[in-house]
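Asker: Fold the following and give me the result.
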Amino acid sequence: MQRVKNTIRTALHSLGFLFCCMTTAAAAGPSSTNIFAPQSPQAKSIFNFSIFVLTIVGIIFAVVSTLLVYSILKFRARTTSANGEPAQVYGSTQIELAWTIIPILIVVVLFMATARMLHAIQDAPMPASAVEVTVIGHQFWWEYRYPQLGVVAANELHIPVSDPAHPTPTFLQLLSADTDHSFWIPELAGKTDLVPNHPNRMWMDPERTGIFLGQCAQYCGTQHAKMLLRVSVDTPEDFAQWIREQQRPAVAEERVAAGKRVFETTACINCHAIKGTVANGRFGPDLTHLMSRTTIAAGAAVNTPENLRLWIQNPDAIKRGSLMPAMQLSDSDLDALMGYLETLR
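Answerer: Predicted coordinates for the structure are as follows:
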C-alpha cells in the first residue's frame, strides 16, 4: 500500500512540476525565450501540435496509471487468503487485439499530424513580397546578409512585421562558416540547424513588433552559451528606415582620422569590414554601423563605450574562449580607435 501511495505521489509531483513550468513560461515577458507564447503562424502550429501530443500522452498516462493502481489494489496479497496467487489466465484475444490496434492507431494519428505540420512549415512557398536574409553562423556570432538590399549586419536581425492582409514573411537561408549551429527563436519559429556545406532554410512571419530572443541550440564550442540571438521585428516604416541607414557607407570625420588609420593599419582589417574603407574582412562582424547595435559579442554585453573598450583590450573578460584576439594597443592608439568606432552609426 505504501508503494502505491509513493507511486501516486510521484505522479502528482511530476504533473505539478509540468503545470508550474507551463504557467511560469506563459507569464514570462514578451522578450523571453518562451515556447508557450507563439507570435507567428508557424510557432502557433508547433505549439498547437505540442499540446495535441501532450494531451494524447496525458490520456495514455492516466489510463495506464489507473489500470496499474486498480491491479495493485485488487490483486494485492491478503493474509487471509487460502491461496497465495489469484487465478492464472493465459491468453485473451480481446486484450491482445486492443493493445495492438490502439497503439497502432495512436502512432498513425501522430504520424499524420506530424507530417501535416512539417509540410505546412517546411514546404511553404516564398511570396514575391518576402524579405530574404542569408544567416551565417560563426564561432561564436551571427552574420546577416540581405542580398536584395545590399545590407550586412551582425548579431541583431531586423525584419518587418507581417500584416495578415499583406503578408511580408522573412525567408532565411541558413549557412555555417565552421561547425554545426542551430537557429532558434522560440516565439517566432522552430529550431533549424546550420550544417557546413548543407544549406537549410526557414521562415518567420511575426504578428507583432518587438524584440525576440533566441539562442544557438546546437553545442558549437566553448562559447556556445554566449552565442545569443536577438531579432527586432519592426514596423514597415521603421524597417525601411533601418535599411536606408545600413546602406550608407561609413563616414569618418577629420577629427577621428587617426583612429581610422589605426584600424586600417592593424590586424583589425583582417577580420572586419567597414563599407567605404579598405577593410573587407569576413572572419568577424561587419562594423560599418557598429554603434547602431544594442549589444556586442553576440549579445554577451551591452554596446557601451566602456564595454567596447574592454572587448578590444581583453575579449576573454567578456567572452572567454572567443576568437577575437586581444589587440594590445597603446593607450593613445586605443583612444584614437575608440573615437573612430564611436562614429560608426
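
Asker: Mind listing residues that contact stretch 160-179?
Answerer: Stretch 160-179 has contacts (CB atoms under 8 Å, 6 or more residues apart in numbering) with 40, 126-127, 129-139, 143, 159, 183, 192-196, 199-209, 220-221, 233-236, 239. Any C-beta I mention is one placed from the backbone N, CA and C, and that applies to glycine too.

Asker: Would you work out how far apart the start and end of stretch 178-187 are?
Answerer: This stretch, stretch 178-187, spans 27 Å end to end (CA to CA, to the nearest Å).

Asker: scratch that, stretch 270-290
Answerer: Span of stretch 270-290 from end to end, CA to CA: 17 Å.

Asker: likewise stretch 217-236?
Answerer: First-to-last distance for stretch 217-236 - CA to CA - comes to 29 Å.

Asker: can you give me how far that stretch is from the chain middle?
Answerer: Relative to its parent chain, stretch 217-236 has a centroid offset of 6 Å by CA atoms, centre = their mean, to the nearest Å.

Asker: buried residues in it?
Answerer: Buried residues in stretch 217-236, counted by 16 or more other CB atoms under 10 Å: 217-218, 220-221, 223-224, 226-234.

Asker: I would like a ChimeraX command selecting only the buried ones among the contacts of stretch 160-179, please.
Answerer: A single ChimeraX command suffices to select whichever of these are buried according to 16+ other CB under 10 Å:
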select :40,130,131,132,133,135,136,137,138,139,143,159,183,192,193,194,195,200,202,203,204,205,206,207,220,221,233,234,239
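
Asker: can you map out the strands along this structure?
Answerer: For the chain, applying DSSP state E gives strands covering 131-138, 141-146, 151-154, 156-160, 170-176, 181-183, 192-194, 200-204, 210-215, 228-234, 295-296, 301-302.

Asker: where in this structure is pLDDT low?
Answerer: 1-32, 77-87, 251-255 (pLDDT under 70).

Asker: Which segments of it make up each domain?
Answerer: Using automatic domain parsing, the domain parsing of the chain gives 2-79+87-122, 254-341.

Asker: Adding distance to residue 170, write the ones you listed out as JSON lines.
Answerer: Listed next are those as JSON lines, based on distance: least, CB to CB, whole Å:
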{"stretch": "domain 2-79+87-122", "distance to residue 170": "10"}
{"stretch": "domain 254-341", "distance to residue 170": "19"}
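
Asker: Out of those, which one sits most buried?
Answerer: Comparing those by mean neighbour count (mean count of other CB atoms under 10 Å), domain 254-341 ranks first with a mean of 17.

Asker: Okay, residue 113 and residue 231: tell me how far apart.
Answerer: Residue 113 is 28 Å from residue 231, where distance means CB to CB, to the nearest Å.
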